[in-house]
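*Asks:* Sharing a model prediction with you, sequence too.
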Amino acid sequence: MSTFRIANLAFGKSTLDSAYEFDYGGHHFEVQRYGTHFSIPYLKDLMRSLRTTVDAIALSDLPPPMHLGKKSYIHRQVLDVMATPLSIPLCDGYQIREIATVDSIARYIADGTLDPEDGIFFPIGLLNLEIIVYLREKYGESIRLGDAFSVLGIPKLLTPSDDLVLPAQALMNLVNLRDIEKQTPMASSGWKRMVRERMAGSLSGIKSVVSDVGVLALFGKDVSFIRGKDVYLTSSNPAMEKFLNQHEPSTIRNLFPENFRLSPFINYSVLDAALRLAHGKTAALSIEEWQEMLATEPMEKDNRRRYVVLSSPSLQTRLQNGAHQVLRRTRAKATPDFAFVVHPLSREDIFRVPGLRGLRNLPENYGKPIEKLISKAPGFVYGHIRQIVSEKNNREVNGIIYSLPSTPRLMKEEDPDVTYRKVERLCHLAAESGAKIIGLGAYTKVVGDSGETINRNSPIPVTTGNSLSASATLWAVHDAVQKMGILKMDQATGLVDGTAMVIGATGSIGKVSAKLLSLAFKKVILVAPRLNRLEELARDVRATSPGCEVLVTTDANELAGHADVLVTATSAFDQKIVDVMRLKPGCVVCDCSRPLDFTEEDARKRPDVLIIESGEVVLPGPVKLSCDLGLPDNSVYACLGETAILAMEGLYEPFTIGRDIDWLKVKKIYRLATEHGVKLATIRGHAGFVSEKEISIVRALALKGLSLPR
């Protein structure tokens, strides 16, 4: 039985800290709670100090995303926390909570335990919007909200009527201007505390109270309003329940899903971490995937879609984008089904943009300052891709392509928040234009937490496209190895009698490439800078492919001469990841990195090695592309291809997000690609398409080199 360690970092008090253990899915889990006393800096310090000693970090008691009038609000400091660079899952449990609490309320109503018409009180309604929206249509007159009492110090109970949406939206914008720690009841004035003491007298006709234990803990002795009432807790803590019982509630019930109460102390963020670790889904999951894992009833799935999936930009964003809407309508362009974000990979690519081409021949001392100046500009509409027609369902889809005028080097040098803000603005523009999903290209899917934060704050689902990128990479390797004709199959094992090396193996594309290559090759070599992460990946690969020998190294040059196939997936920029002269004759190199790890000069030095770029794809239909992506003919990047495939399939979800790719999704996107008629583009090297004649020359030189003493 494997053991996973989870650090539960709570925004609240340390008085509730505890260490506990439980078993689930054949795994043992050890959890330690750390209260951070409402300090964001301390929370982030703990995240950085614990990231190498635990398998996942679970965040609790932070303000959840607010969905008001189909608009999403997330506090800026929460976004900042979620963007902290980590190589382990960072879990918040928000989606599980939204699903589970509604399901539990529905069950209590169905079995007669809860009658909403007897009155339900929410001390802070903004923190339980998923339940309120579910109940409002039928029981709106029976619901009372204590936000005015609790947050503003105004002695008035509210009802969840539609006329409160705009004031609540305004409040969210104001709240976002202040630090979170200054907005808890702990920071309340004497006036607010005095007003809250009057709350109990206003609830005489209310039978039930719904709240999180963390919220009730903040009220302290003011929590006496629960006396004689049925209390429904969205999460549990034995010490807190003991405290609440001192105030003599009629009953205390829990909305936490019963079949997942693995410990009396477990909360949604810890459950999020445990489920992802136990099921090997370390990347963020979509709403649909959580519903399937939690075995949600279809009726509740439909209810959830009404108020979680359909979030859209705030009023502020809509005003900012007004000019863009007018321009789009004036041009009467076809509404896009999807959007995609690209950016220049080098300074030369910047000058592909119409209007900038005349600057490409500027002297070096002018080029760099202009590159930096242009990078400060916001993203813009770069072009469109139209008339993509599925061979599966004959559906035609169109896309809009945005560009950020910044190279990977400049993005890496600046704060990730800068890139986040630029990309999030494009997500809102895409939503306003009608797009239902947006894909991230090149370095925009690497920066920060690999799309998780952007997806969280986007009005439409976001995908990095890395599932198809990984699939197309191995697709290209397979074709190249077959055409080279040097490696043979071991008939006894069914494996290729050769060695595959993956450099950047602990990255998103590297991990899944390593697992899939281990299913085909007798030996796999994993290369990355951190040995502990390599050894962890090696255990996973061995479990996946017991018949494959797995070696690890932090120095690619050490074992490069043994590799028959080499896949690179790094963000190394100008650093040399491996000496091309150390490669084995006949080695097939697939360079997935952007910018590329291997240069044209490297290819010239080793004419006996086949160096190809990662697989690009050709989309089906009479595709019309109105901008220059730096690719020949009708080829597009695989990450753009994934976004288009999801649009053709009507699968509008964050299919690939985070640093880890689910290899089952790699298989699924490959299947969808073939069903819809997406093809692998012709193999390309540094000089363009690689012809059959060029491959035969490389093969001849390789066979000659292999026959010589080495």
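*Replies:* In hand now; what should we look at?
*Asks:* what about stretch 456-469, start to end distance?
*Replies:* This stretch, stretch 456-469, spans 22 Å end to end (Cα to Cα, to the nearest Å).
*Asks:* mean confidence for that stretch?
*Replies:* Average pLDDT, stretch 456-469: 91.
*Asks:* mind checking how far it is from the chain centre?
*Replies:* 7 Å (Cα atoms, centre = their mean, to the nearest Å).
*Asks:* okay but I40 is in contact with V81, surely?
*Replies:* Yes - using Cβ atoms under 8 Å, I40 makes contact with V81 at a distance of 6.6 Å. Backbone N, C-alpha and C define where each C-beta goes, glycine included.
*Asks:* So these two - more neighbours on which side?
*Replies:* Set I40 next to V81 and count neighbours by other Cβ atoms under 10 Å: V81 wins out with 21 against 18.
*Asks:* Show the end-to-end separation of stretch 644-653, please.
*Replies:* The first and last residues of stretch 644-653 sit 12 Å apart, counting by Cα to Cα.
*Asks:* Could you pull out the buried residues of that stretch?
*Replies:* Neighbour-count burial for stretch 644-653 flags A644, I645, L646, A647, M648, E649, L651, Y652, E653 (criterion: 16 or more other Cβ atoms under 10 Å).
*Asks:* which one of those residues sits closest to M1?
*Replies:* Lowest distance from M1 to the buried residues of stretch 644-653 (Cβ to Cβ) belongs to E653, with 32.8 Å.
*Asks:* Quickly note the distance from that closest one to I460.
*Replies:* Using Cβ to Cβ, to the nearest Å, E653 is found at 10 Å from I460.
*Asks:* same deal with L16?
*Replies:* From L16 across to I460, the span is 37 Å (Cβ to Cβ).
*Asks:* These two: which has the busier surroundings?
*Replies:* Remark: of L16 and I460, I460 carries more neighbours, 22 against 19, as counted by other Cβ under 10 Å.
*Asks:* Can you mark which positions in stretch 576-596 are buried?
*Replies:* Across stretch 576-596, burial judged by 16+ other Cβ under 10 Å covers 577-578, 580, 582-596.
*Asks:* Could you pull up the mean pLDDT of that stretch?
*Replies:* 88.
*Asks:* ditto for stretch 394-413
*Replies:* 88.
*Asks:* Start at 15, not 1
*Replies:* Yes, from this point I'll number from 15; that puts the last item at stretch 408-427.
*Asks:* can you give me the end-to-end distance of that stretch?
*Replies:* 44 Å.
*Asks:* do the same with stretch 490-505
*Replies:* Using Cα to Cα, first and last residues of stretch 490-505 are 23 Å apart.
*Asks:* With stretch 291-307 instead?
*Replies:* Start-to-end span of stretch 291-307 (Cα to Cα) is 13 Å.
*Asks:* got it, and stretch 159-168?
*Replies:* With Cα to Cα, one end of stretch 159-168 sits 12 Å from the other.
*Asks:* which intervals of the stretch 65-214 of the chain have sub-threshold pLDDT?
*Replies:* Across the stretch 65-214 of the chain, the ranges flagged by pLDDT under 70 are 80-88, 97, 99, 164-167, 175-214.
*Asks:* go with 80
*Replies:* Across the stretch 65-214 of the chain, the ranges flagged by pLDDT under 80 are 77-94, 96-101, 140-141, 161-170, 175-214.
*Asks:* That one: helices as residue ranges?
*Replies:* Using DSSP state H, counting those that start in this stretch, the helices of the stretch 65-214 of the chain run over residues 90-96, 108-124, 143-153, 161, 179-189, 204-211.
*Asks:* one step back: okay, and the common contacts of E667 and I474?
*Replies:* I451 (Cβ atoms under 8 Å, 6 or more residues apart in numbering).
*Asks:* Domain parsing of this protein, as residue ranges.
*Replies:* 108-278, 329-479+635-693, 483-631+699-721 (automatic domain parsing).
*Asks:* quick one, which of these is nearest to R62?
*Replies:* Proximity to R62 (Cβ to Cβ) singles out domain 329-479+635-693 among these, at 13.8 Å.
*Asks:* Return the distance of that closest one from the chain's centre.
*Replies:* Averaging C-alpha positions (Cα atoms, centre = their mean) puts domain 329-479+635-693 16 Å from its chain's average.
*Asks:* next one: stretch 478-492
*Replies:* Here stretch 478-492 is found 18 Å from its chain centre; the criterion is Cα atoms, centre = their mean.
*Asks:* my read: S559 touches L530, true?
*Replies:* No - judged on Cβ under 8 Å, S559 makes no contact with L530 at a distance of 9.4 Å.
*Asks:* Comparing the two, which residue is more hemmed in?
*Replies:* Neighbour count, other Cβ under 10 Å: between S559 and L530, L530 has more, with 25 against 21.
*Asks:* The host helix or strand of the more buried one packs against which elements?
*Replies:* Assigned by DSSP states H and E, L530 belongs to helix 522-532. Using 3 or more Cβ pairs under 8 Å, 6 or more residues apart in numbering; DSSP states H and E, the elements in contact with helix 522-532 are helix 480-498, strand 509-517, strand 535-541, helix 545-558, strand 579-582, helix 677-690.
*Asks:* thinking N471 is in contact with L93, fair?
*Replies:* Yes - N471 lies in contact with L93 (Cβ under 8 Å); the separation is 6.3 Å.
*Asks:* intersection of neighbour lists for the two?
*Replies:* Common contacts of N471 and L93 (Cβ under 8 Å, 6+ apart): Y434.
*Asks:* the more surrounded of these two?
*Replies:* Using other Cβ under 10 Å, the more surrounded residue of N471 and L93 is N471, with 22 against 18.
*Asks:* Can you pull the phi/psi pair for the more buried one?
*Replies:* phi -100, psi 10 (degrees, to the nearest 10).
*Asks:* Using TSV, lay out the domains of the chain together with distance to Q305.
*Replies:* What follows is the domains of the chain, written out as TSV (distance: least, Cβ to Cβ, whole Å):
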stretch	distance to Q305
domain 108-278	6
domain 329-479+635-693	11
domain 483-631+699-721	24
